[in-house]
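>>> Only the shape, not the letters, is given here:
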């Protein structure tokens, strides 16, 4: 956290944490912050919050990951999305329907139709219900890549 803006964000988060420790201890405040940043497509600020979590020794959970993956989706950041999925595995953080749906949507928005299909299959392998949202994103990814037959095969 060397950037002046990042330092400012860290200070603001620390003040908020002091004022409402229970919200930060449960993780709900960070999830809400990251979700709001996703709606605004604020990738840099979201990454500053993510980095601050390490400094503040806040353990990441599936809701935090889902919120940051949503930022990736809205910002069309495929590589960070895939990195986060790997990090979840490394940290034994169990993925859920939202995790996969957001990741597949990221693939759809970035032209990664093959990875979208792979993630759909991975959902099934991991025992995660394959939702209509996930299917629709995978189908859309195939259609955009002019590979509609891959969506049904």
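Now that the structure is in, tell me what you want to look at. Keep in mind the model is a prediction, meaning the values are calculated, not measured.

>>> So which residue is dead centre in this structure?
residue 69 (1.2 Å; CA atoms, centre = their mean).

>>> Isn't that one up against residue 102?
Yes. Contact status for residue 69 versus residue 102: in contact at 4.5 Å, counting by CB atoms under 8 Å. Bear in mind the C-beta positions are built from the backbone N, C-alpha and C, glycine included.

>>> Overlap of the contact sets of these two?
By CB atoms under 8 Å, 6 or more residues apart in numbering, residue 69 and residue 102 have these common neighbours: residue 81.

>>> rewinding a little: which outside residues touch the helix or strand where the residue nearest to the centre of the chain lies?
Element membership for residue 69, per DSSP states H and E: helix 62-75. Residues outside helix 62-75 that contact it (CB under 8 Å, 6+ apart): 27, 30-31, 34-35, 37-39, 41-43, 46, 50, 53, 77-78, 80-81, 84-85, 87-88, 93-96, 98-99, 102-103, 105-106, 109.

>>> Can I have the buried ones of those residues as a PyMOL selection?
A single PyMOL command selects the buried members of the contacts of helix 62-75 (16 or more other CB atoms under 10 Å):
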select buried, resi 27+30+31+34+35+37+38+42+43+46+50+53+77+78+80+81+84+85+88+93+95+96+98+99+102+103+105+106+109
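
>>> Flag the shaky bits of the protein, pLDDT-wise.
For the chain, the stretches with pLDDT under 70 are 1-6, 148-153.

>>> Longest helix in it, please.
When the chain is parsed with DSSP state H, its longest helix is helix 4-19.

>>> and it, how far from the chain's centre?
Relative to the chain's own centre, helix 4-19 is displaced by 22 Å; criterion: CA atoms, centre = their mean, to the nearest Å.

>>> again, but for stretch 28-39
On CA atoms, centre = their mean, the centre of stretch 28-39 falls 11 Å from that of its chain.

>>> Residue 47: helix or strand, and which one exactly?
Using DSSP H and E, residue 47 maps to helix 43-55.

>>> Just the angle for that helix relative to helix 4-19, thanks.
50 degrees (axes from the mean of the first three to the mean of the last three CA atoms, to 10 degrees).

>>> what's the angle from helix 43-55 to helix 62-75?
Using the same axes, to 10 degrees: helix 43-55 against helix 62-75 is 160 degrees.
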